[in-house]
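1. Sequence and predicted model, in that order:
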Amino acid sequence: MNVAFLVAKEGIEQVELTEPWKAVEHAGHTPKLISPEPGRVQAYHHLDKGDAFDVDVTASQARAEDYAALVLPGGVANGDLLRWQRPAVDLVRAFVASGKPIAVICHGGWVLIEADGVRGRRVTSWPSMQTDFRNAGATWVDEELVVDGPLISSRKPDDLPAFCKELIETLSDAG
């Protein structure tokens, strides 16, 4: 199964991209990097520049029906940049409408909020986003992992083991 990883051109929290990516690969699935712009994206270790990664497909070319799930890594700049880029929001909206699993961590939820994908859902995130989620109609909680229907959410890099485990179990159930 192909799994979409949607990120902005820069500001991705590297470990929130690479750990779920490795988990998806290890489980026998194919991760695909999607971004609004072609080329390479720049990840960070908090505020320090990390590695760059090649984009597989642009958000305007990607179709939700071609993927089993969507992963939204965090990073403050990443989350903020994605939420105002129409192709990214449209892709997330298509995933929400499809009912396919969406796994979001840290600040990755801003684009999900913009796509009106959290109304009536129970979620977690980095604590500074709780007001954004509540204003978007979600019930925000401070927990390591929250699963509400197809939505999987976690707060921060420390939560990655639980986040990745749930993502893989969800993909296994979908297969």
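-> Now that the structure is in, tell me what you want to look at.

2. mind listing what the most centrally placed residue in the chain touches?
-> Centroid check for the chain by CA atoms, centre = their mean gives Leu72 as the closest residue, at 0.8 Å. Contact analysis of Leu72 by CB atoms under 8 Å, 6 or more residues apart in numbering lists Leu6, Leu82, Val92, Ile102, Ala103, Val104, Ile105, Gly108, Gly109, Val111, Leu112. Using the backbone N, CA and C atoms, a C-beta is placed for each residue, glycine as well.

3. quick one: which of those sit in strands?
-> Taking DSSP state E, the ones among these that sit in strands are Leu6, Ile102, Ala103, Val104, Ile105.

4. how about a markdown table for those residues, with neighbour count added?
-> Formatted as a markdown table, these follow (neighbours: other CB atoms under 10 Å):
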| residue | neighbour count |
| --- | --- |
| Leu6 | 27 |
| Ile102 | 29 |
| Ala103 | 27 |
| Val104 | 31 |
| Ile105 | 32 |
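
5. Make JSON lines from these and add pLDDT to it.
-> Formatted as JSON lines, the ones in strands among the contacts of Leu72 follow (pLDDT from 0 to 100):
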{"residue": "Leu6", "pLDDT": "98"}
{"residue": "Ile102", "pLDDT": "98"}
{"residue": "Ala103", "pLDDT": "98"}
{"residue": "Val104", "pLDDT": "98"}
{"residue": "Ile105", "pLDDT": "98"}
